[in-house]
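Student: starting from these lines, generate the structure:
(2 chains)
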2 protein chains.
Amino acid sequence: MRILTRDLKNQIGHQVTMQGWLHKKRLLGGLTFINLRDRGGVVQAVIDNKDEVEKLRGMQIGSIIELKGKVVEEPRAPGGAELHEVSVEVLVPVTDESPIEIDKPLSHKSENLDTLFDYRPIGLRNLNETKIFKIRAEILKSIREYLAENDFTEINTPKIVAGAAEGGAEVFKLDYFGQEATLAQSPQLYKQMMVGVFERVFEIGPAFRAELSATTRHVSEVTMLDVEIGFINNQEDILKFLEGLIYSVLTDIYDKHSDDLKKLGAPELKLKENFPRYSMAEIHEMFSKATGKDVSNEIDLTPEEEKWICEYAKKHDGCEAVFATGLPASKMKFYHMKGDNDTALSADLLFRGVEISTAPQREHRLDVLLEQMKEAGIDPSAPGFAAYVSAFRHGLPAHGGFGLGIDRLCEKVINLANVKEAILFPRDINRLNP
Amino acid sequence: MRILTRDLKNQIGHQVTMQGWLHKKRLLGGLTFINLRDRGGVVQAVIDNKDEVEKLRGMQIGSIIELKGKVVEEPRAPGGAELHEVSVEVLVPVTDESPIEIDKPLSHKSENLDTLFDYRPIGLRNLNETKIFKIRAEILKSIREYLAENDFTEINTPKIVAGAAEGGAEVFKLDYFGQEATLAQSPQLYKQMMVGVFERVFEIGPAFRAELSATTRHVSEVTMLDVEIGFINNQEDILKFLEGLIYSVLTDIYDKHSDDLKKLGAPELKLKENFPRYSMAEIHEMFSKATGKDVSNEIDLTPEEEKWICEYAKKHDGCEAVFATGLPASKMKFYHMKGDNDTALSADLLFRGVEISTAPQREHRLDVLLEQMKEAGIDPSAPGFAAYVSAFRHGLPAHGGFGLGIDRLCEKVINLANVKEAILFPRDINRLNP
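Tutor: As a prediction, this is how the structure comes out:
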């Protein structure tokens, strides 16, 4: 039976069989030391028999091998054990040299990102890269558990759609059996319609944005969590739910993966159960006072202010997540609800210096919604909007929700420098491969 | 505090506040009976006060209402309780009549499917429709739990891709910043590459097929579960894993939702932990003997045989799921492994009369793979294939896996007549809306 690296510590003194990838090979004082990688990690094996060493001649990193040997306690080894008196069988020989060295941390410097992604299927075998995506998978799991506990229904909505929910720009178009269709930028309209059925819904799926911007930070395909909640009392209910979700998921991930997060360079997590809230006007004023820079004419927070308020809240409130409230109505989408004094009933959630979500109440009153659609130049009877409007015409309760980019969240949780590092196979204006 | 219908039985004798949709309204002997729908179900409320009845004048099905009243035990009511001495507040008035009656089961006859889907956002509010998608969400949850227990890592792979993994036909094409791209028909190549990183991976996401067929059964966007497993001993390991997954998920769903499944018309579940296996040759022979029809020249199972062998296995083996083995190599994709005697190392999983999955071992030997790509007319250095080949060049273990259509599985679990009934917003050659 095959034993995994992570189970070796229970096998001290026993003969075991292991299978995995040849991850490293070196000669030292007549002995051959190799590292075997499997899904549980890496183990060191010491080969002293010449015939066994000979089997590995010409075998490159990546070769699939089977090792039989005795498990020996070794406190300095990663799993607390290593393999001695080893016999080797090569299951799948690899004779080509690896295009990149994978047993050392890969460079994530921005000038090396192209190399990182060109060799992605191989580079991901580096243990640090693997950890990023193990943590990402755990984030997804933790999010789903929290939503299940809170009585949400998972939905799958179409990605090929007739209209453009977020307005017409920046969508990918395709020919759909002779009709023009677009790739969904978000499940916005669908999740609102589904409030009328399930009250509380979520979806985790791809979203597509044809942003022409060629900055290194834009990706054209992201994985989004979309949440929508019906029968709210007010916008505050959305903020409470969002902070509850983020608090629960991040503390869960930091509890379970503190060692890996430390190895990946993530800072300690500072979160309070209730995130501090500052209005945009307050942030403008505080930022001006602290930096001497005049931002009174800005209709939104500047990127510099977003960084600053997160640092401020970390220091003064002991919390790295902040809500920025009192956002201007001019930033609103047609489906958002207006608040008092030209504000939107919405708040931005900032975490570690950037906006990771926006949590608005939706306009659920048919007459006001139709008015806002008109102002936005949207025809309520157009394909893609008629069914949406019908859901309001036949009764939707007060509701709100949010989208949360999984890639972005993963980037900030691990403290990566670029969102693409948190995507297995990123897509941008210059990259469609691999 | 708002009380949900499903919690009423714990509130007998108490005053409660409920919110939901007006689901039904009728007058009987001077009393007004209404049904209130919320995410927990439907409750009946009896209104005897004329002023309260008056508030509902002109209010149509779908109106959002708040009821305050006393919970009274009523064994004949769905939740064992109803609401008496009720006062009403209309939160969101609906004055347009519902386009379809939603308090009675909706017709799923094939000639009525267009109506069903045209009014989807409203029709889904019918309790039976809601149940279908509650069960679908539970299937997804159950699948993920089984995969987590078995040490699989969830991955998200791109849906905008350069090549067509399954061969060139029937893909949606789009303009990707001036390059031609296609929508992924499956994560096939990506999940195989990721075996080299995580050994065991899965993804649940959309897949796109531009099938020109206008039959009522073809959908162009489906939700697929994709699974891939490394370090298998042989193809048998894949079959074992697949039957374990299906057995676990289906018995779980039938245990937890037997009442709902009965109401939806699903038959009892008959499954054994080990599914019976019949080779294609055996099925041909058995079928011919039983029906007198000659199928000896068929290179694959006919739809009639698929139905027949499922019925046979249900009767003789006590199991509605069957593996058909010994499939012809001519059915193989380039990435499948060949078996002996012109067969593929693959098996079809049939359930309730149709194929729901195919579980092949992959070809992991670089030289054989390159040969099979050549035979299939695929250039290994073409965009979309170069990185795939590199994963083999640098070591992939013996592996295999399967795809499983979530929509199809849901259809067969509930015994629906058409796969589209298990999709919230189906897409076919004639339907891009809603």
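Student: after the helix or strand where A:L261 lies comes which helix or strand?
Tutor: In the assignment (DSSP states H and E), A:L261 maps to helix A:258-263. For helix A:258-263, the following helix or strand on the C-terminal side (DSSP H and E) is strand A:277-279.
Student: where does the stretch 51-200 of chain A get nearest to chain B, which residue?
Tutor: Nearest residue of the stretch 51-200 of chain A to chain B, counting by CB to the nearest CB: A:G62, 3.3 Å away. Yep, even glycine has a C-beta here, placed from its N, CA and C like the rest.
Student: I figured that residue hits A:L22, correct?
Tutor: Yes - with contact defined as CB atoms under 8 Å, A:G62 reaches A:L22; the gap is 6.6 Å.
Student: intersection of neighbour lists for the two?
Tutor: Shared contacts of A:G62 and A:L22, defined by CB atoms under 8 Å, 6 or more residues apart in numbering or on different chains, are found at A:V94, B:G395.
Student: if we can go back for a sec, and the residue of the stretch 51-200 of chain A closest to chain B, backbone torsions?
Tutor: Note on A:G62: backbone dihedrals following degrees, to the nearest 10 are phi 110, psi -20.
Student: how about the closest residue to it other than its chain neighbours, what does it touch?
Tutor: Nearest residue to A:G62, sequence neighbours excluded (CB to CB, 6 or more residues apart in numbering or on different chains): B:G395, at 3.3 Å. With contacts defined as CB under 8 Å, 6+ apart, B:G395 is in contact with A:W21, A:L22, A:I61, A:G62, A:S63, A:I64, A:V92, A:V94, B:G196.
Student: list the buried residues of the helix or strand the first one falls within.
Tutor: Secondary structure here is read from DSSP H and E; on that basis A:W21 sits in strand A:15-28. When neighbours are counted by 16 or more other CB atoms under 10 Å in any protein chain shown, the buried residues of strand A:15-28 are found to be A:V16, A:M18, A:Q19, A:G20, A:W21, A:L22, A:H23, A:K24, A:K25.
Student: and what of stretch A:417-434?
Tutor: A:418-429, A:431-434.
Student: stretch A:336-347 now?
Tutor: A:H336, A:M337, A:K338, A:G339, A:T343, A:A344, A:L345, A:S346, A:A347.
Student: and which of those is nearest B:S258?
Tutor: Closest approach to B:S258 among those (CB to CB): A:M337, at 41.9 Å.
Student: quick check: the closest one touching A:L369?
Tutor: No - here A:M337 lies out of contact with A:L369, judged by CB under 8 Å, at a distance of 9.3 Å.
Student: who touches both of those two?
Tutor: Shared contacts of A:M337 and A:L369, defined by CB under 8 Å, 6+ apart, comprise A:E363.
Student: kindly export stretch A:181-201 (C-alpha atoms) in CSV.
Tutor: This file holds the C-alpha atoms of stretch A:181-201, laid out as CSV (Å, rounded to 0.1, in the frame of the first residue of the first chain):
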residue,chain,number,x,y,z
ALA,A,181,-24.5,37.1,-27.2
THR,A,182,-22.1,38.2,-24.5
LEU,A,183,-20.2,36.5,-21.8
ALA,A,184,-21.6,37.3,-18.4
GLN,A,185,-19.8,40.0,-16.4
SER,A,186,-21.6,38.9,-13.3
PRO,A,187,-24.7,36.9,-12.3
GLN,A,188,-26.2,40.2,-11.0
LEU,A,189,-29.6,40.1,-12.7
TYR,A,190,-30.0,36.4,-12.2
LYS,A,191,-29.2,36.4,-8.5
GLN,A,192,-31.6,39.2,-7.9
MET,A,193,-34.4,37.2,-9.7
MET,A,194,-33.5,34.2,-7.6
VAL,A,195,-34.2,36.1,-4.4
GLY,A,196,-37.8,35.8,-5.5
VAL,A,197,-37.5,32.0,-5.3
PHE,A,198,-34.9,31.1,-2.6
GLU,A,199,-34.5,34.4,-0.7
ARG,A,200,-30.8,33.7,-0.1
VAL,A,201,-28.6,32.6,-3.0
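Student: so what pairs up with A:G400 in the strands?
Tutor: Beta-bridge partners for A:G400, by DSSP bridges, are A:I229, A:Q361.
Student: neighbours of it, how many?
Tutor: 28 (other CB atoms under 10 Å in any protein chain shown).
Student: any chance you could map the helices in the stretch 201-350 of chain A?
Tutor: A:235-256, A:258-263, A:280-291, A:303-317 (DSSP state H, counting those that start in this stretch).
Student: so where's chain A shaky on pLDDT?
Tutor: A:164-169, A:214-216 (pLDDT under 70).
Student: quick one, domains of it?
Tutor: According to automatic domain parsing, chain A comprises the domains A:5-92, A:123-422.
Student: start and end of the shortest one, how far apart?
Tutor: This points to domain A:5-92. 20 Å (CA to CA, to the nearest Å).
Student: go on, the longest one?
Tutor: When the termini of domain A:123-422 are compared using CA to CA, they are 13 Å apart.
Student: re earlier: which of the buried residues of stretch A:336-347 sit farthest apart?
Tutor: Greatest spatial distance among the buried residues of stretch A:336-347 (CB to CB): A:K338 and A:A347, at 14.2 Å.
Student: tell me the contacts of A:L147?
Tutor: A:E154, A:F202, A:V227, A:L245.
Student: and with 6 Å instead?
Tutor: A:F202 (CB atoms under 6 Å, 6 or more residues apart in numbering or on different chains).
Student: so it sits in a helix?
Tutor: Yes - under DSSP: H, G, I helix; E, B strand; the rest coil, A:L147 falls within a helix.
Student: need phi/psi at the residue nearest to A:S279 when sequence neighbours are not counted.
Tutor: Excluding the flanking residues, the one nearest A:S279 by CB to CB, 6+ apart is A:G326, at 3.6 Å. Torsion angles at A:G326 (phi, psi; degrees, to the nearest 10) stand at phi 60, psi 40.
Student: so A:G326 makes contact with A:Y278?
Tutor: No - between A:G326 and A:Y278 there is no contact under CB atoms under 6 Å: 8.7 Å.
Student: circling back: from the middle of its chain, how far away would the helix holding A:L261 be?
Tutor: 17 Å (CA atoms, centre = their mean, to the nearest Å).
Student: who's in contact with that helix?
Tutor: With CB under 6 Å, 6+ apart, helix A:258-263 has contacts from A:K131.
Student: and the stretch 201-350 of chain A, which residues reach chain B?
Tutor: A:P206, A:E221, A:T223, A:F231 (CB under 6 Å from any CB of the partner chain).
Student: same thing but 10 Å
Tutor: A:201-208, A:210-212, A:214, A:219-223, A:230-231, A:233 (CB under 10 Å from any CB of the partner chain).
Student: now the helices of the stretch 201-350 of chain A in JSON lines, with mean neighbour count?
Tutor: Formatted as JSON lines, these follow (neighbours: other CB atoms under 10 Å in any protein chain shown):
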{"stretch": "helix A:235-256", "mean neighbour count": "18"}
{"stretch": "helix A:258-263", "mean neighbour count": "14"}
{"stretch": "helix A:280-291", "mean neighbour count": "16"}
{"stretch": "helix A:303-317", "mean neighbour count": "17"}
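Student: quick one, the host helix or strand of A:V413 and helix A:235-256 angle?
Tutor: Using DSSP H and E, A:V413 sits in helix A:406-414. Counting by axes from the mean of the first three to the mean of the last three CA atoms, to 10 degrees, helix A:406-414 lies at 60 degrees to helix A:235-256.
Student: and helix A:406-414, what does it pack against?
Tutor: helix A:127-149, strand A:221-230, helix A:235-256, helix A:258-263, strand A:348-351, strand A:354-358 (3 or more CB pairs under 10 Å, 6 or more residues apart in numbering or on different chains; DSSP states H and E).
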